[in-house]
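>>> Below is the sequence, then the predicted model.
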Amino acid sequence: LSWFGDGVTEIGNSAFSDCSKLTSVAIGNSVTSIGEYAFSGCNSLASIAIGNSVTSIGDFAFYDCSSLINITIPDSVTSIGINAFWNCSGLTDITIGDGVMSIEIATFSGCSNLTSITIGNSVTSIGESAFLDCSSLTSVIIPDSVTSIGSSAFNGCSCLTSITIPDSVTSIGT
């Protein structure tokens, strides 16, 4: 277990990358940013509590954290980097808070056990390959705030039986 107390304001790039024995992380309420590759390759990491002061999650921050089961991104987070949760093959449930403006390129690509995704009401764009190869995803409801969906966003979602695309979406795959 790692606990980042109220004195820590930032978790830097690659800070805990490849800490393969790390199983649980609780991030204190003074942390505002999680850097690029911060926890990438922490393949035993099963639990992460993201504090309500975090505003940004860097590129590849949780790449290949294959033991993560669910993740809740609080409303304080406004940006999630590219490939942030790429290949988190154990993830089954994701809730994206209402502060996030866009789901970037390949953010959740390779989350092959993902069955449930809740997209916050501030998301305006879903990036290229955002949910590529999320082969267990069965249904998606895209909120009215979304205006664009990138190419291959749901490519390889072989179990997808239902997707709701609102009138606000003006481009798909461009």
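Looks like it arrived, so ask away. Numbers count the residues shown, from 1 in each chain.

>>> Three-state assignment for the residue lying farthest from the centre of the chain, please.
Within the chain, the residue lying farthest from the chain centre (Cα atoms, centre = their mean) is Gly7, at 25.4 Å. Secondary structure, DSSP: H, G, I helix; E, B strand; the rest coil: Gly7 is coil.

>>> quick one, what contacts it?
The contact partners of Gly7, by Cβ atoms under 8 Å, 6 or more residues apart in numbering, come to 28, 30. Where you see a C-beta, it was placed from the backbone N, CA and C, and this is true even at glycine.

>>> If I look at it, what pLDDT would I see?
Confidence at Gly7, expressed as pLDDT, is 79.

>>> Check the gap between it and Gly51 for me.
Using Cβ to Cβ, to the nearest Å, one gets 13 Å for the distance from Gly7 to Gly51.

>>> what do those two both touch?
Taking Cβ under 8 Å, 6+ apart as the contact rule, Gly7 and Gly51 both touch 28, 30.

>>> Report the separation between the residue farthest from the centre of the chain and Ile103.
According to Cβ to Cβ, Gly7 stands 32 Å off from Ile103.

>>> try Ile96
Remark: distance between Ile96 and Ile103 (Cβ to Cβ) = 7 Å.

>>> residues touching the residue most central in space within the chain, list them.
The centre of the chain sits closest to Phe85, judged by Cα atoms, centre = their mean, with a distance of 5.0 Å. Counting by Cβ under 8 Å, 6+ apart, Phe85 touches 61-63, 65, 68, 71, 91, 94, 107-108, 111.

>>> now for those residues, which pair is the farthest apart?
The most widely separated members of the contacts of Phe85, counting by Cβ to Cβ, are Tyr63 and Ile94 (15.0 Å).
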